[in-house]
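A.B. asks: here you go, sequence then predicted model.
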Amino acid sequence: MLQVKNLKTWFPIRRGLFQHTVGHVQAVDDVSFALRAGETLGLVGESGCGKTTTGRSLLRLIPATSGEVLFDGKDVLQMPESEMKPLRRDMQIVFQDPYGSMNPRMTIRSIVEEGLIVQRIGTPREREARVREVIHKVGLEDSCLNRYPHEFSGGQRQRICIARALVLQPRFMVLDEPISALDVSIQSQIINLLVALREEMGLTYLFISHDLSVVEYLSDRVAVMYLGQIIETASSEELYANPRHPYTQALLSSIPTMDETRRQKRIILHGDVPSPVNPPPHCRFCPRCPKAQEICRRETPPVVQISDGHTAKCHFANQ
C-alpha cells in the first residue's frame, strides 16, 4: 500500500539581514520503508530523532525536501493539490496532543463532521448518521456531540480525535504517539480500541511511539530511528528477541522490568545525541556506541541482511 523511498526532510537555517541559508537541520535523512495493507509498522526512537517529522512528511503536512512516497503506486509528494484532496480521505493522522489538535470553539459534532463537509460527502442527514456511527464505534455516547473539547478527559478527547480520523473511512493512519499524553490506566483502553478498529475496518497503521512495550504489543514490524535515519527493521518478535544494532540493544535494555538479571545487563549510553545540523559523517551512532571501532569513523555502515525482513545498518550487525 505504502512505499517510502529515500525520504529527506531538511529545514533551512537562515541568518543575517537577507536571511541567507547557512545550514540545514537534517530531521529526516534518506528514510525508506514499505507497508502492506492491514499491517502495523512501529516507528521507535529517542525524542527528536525524526519520527513525527517522518509521519507528517508522508501526508504532506510538512513539505519534504526529496524522495518518494508511493501510495497505491502514486507519488504523494508530486501530486497537485487538486489530486491531494480526495487522497486525504484514505490517509489520516491522530496527533499526540488531542486537545491542541481540536478547535476549542467547535462542538464535537462539528469537529467530527468537518472532514465530511470539506470532502462534500453525503447530505446533512447522512453526515449526521455517519458521525453518530463513528462516535459509537470509539466508545462514546450521543450526548457528547453538543459539548466542547474542554468538557472531556484526555482519554475521551483522544477517542474524539480517532473518530474524526475514522469518519472519512481511511485505509492508512499515522498514529503520532497517541497515548503518550494519557494516564497509564487510559492508555490500555486506547490501545485496545486501536487494535479492535484495525481488525474491524482493515486499517493500516504507522504507529509512532517511544514506549517500546506498547510497540511490541501493537506492531507487526518495527523500525528503529536514530538521528533522522532508520538503523534497524525487523518483525516485532524478531527485533525484541534478537536485536543486532547496538542502539536497538540499548533501547530494549531500558524497558522497565522486575527481572534482576535483565536489569544488571542494562546498557548505559554515554554522551549526548549529536546535533542534526552537523551529524557524524559516517556512522551517526558512532560517538555513543560501545562497540565503535576505527572503521565506523571512516566508512558509512552498510545495510546488513540478518534474515528475511530483518536488516541493520551497522558494520558489526552479524557479529
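C.D. replies: All right, it came through fine. Numbering: from 1, shown residues only.
A.B. asks: contact partners for V118?
C.D. replies: K85 (Cβ atoms under 8 Å, 6 or more residues apart in numbering). C-beta here means a position set from N, CA and C on the backbone, and glycine is covered the same way.
A.B. asks: that one and Y99, how far apart?
C.D. replies: Distance of V118 to Y99, given as Cβ to Cβ, to the nearest Å: 22 Å.
A.B. asks: tell me, how many residues neighbour V28?
C.D. replies: 30 (other Cβ atoms under 10 Å).
A.B. asks: for V22, same thing?
C.D. replies: The tally of other residues near V22 (other Cβ under 10 Å) stands at 11.
A.B. asks: and what of R109?
C.D. replies: Using other Cβ under 10 Å, R109 has 18 other residues around it.
A.B. asks: Three-state assignment for it, please.
C.D. replies: The three-state label given to R109 by DSSP: H, G, I helix; E, B strand; the rest coil is helix.
A.B. asks: hang on, isn't it packed against L145?
C.D. replies: Yes - in this structure, R109 is within contact of L145 by Cβ atoms under 8 Å, at 4.1 Å.
A.B. asks: where do the strands sit along the stretch 51-200 of the chain?
C.D. replies: 66-71, 74-75, 91-94, 172-176 (DSSP state E, counting those that start in this stretch).
A.B. asks: what's in contact with the shortest one?
C.D. replies: Meaning strand 74-75. In contact with strand 74-75 (Cβ under 8 Å, 6+ apart) are residues 68-69, 87.
A.B. asks: repeat that for stretch 174-188.
C.D. replies: 51-52, 55-56, 58-59, 91-98, 153-155, 158, 161-162, 190-191, 194, 205-211, 214.
A.B. asks: and E83, what does it touch?
C.D. replies: With contact set as Cβ under 8 Å, 6+ apart, E83 has no partners.
A.B. asks: for M173, that is, sorry about that
C.D. replies: Contacts of M173 (Cβ under 8 Å, 6+ apart): 91-94, 165, 203-206.
A.B. asks: any regions of the stretch 101-250 of the chain where pLDDT drops low?
C.D. replies: For the stretch 101-250 of the chain, applying pLDDT under 70 flags no range at all.
A.B. asks: show me where it has helices.
C.D. replies: Per DSSP state H, counting those that start in this stretch, the stretch 101-250 of the chain carries helices over the ranges 108-118, 124-137, 154-166, 184-201, 212-218, 236-241, 246-253.
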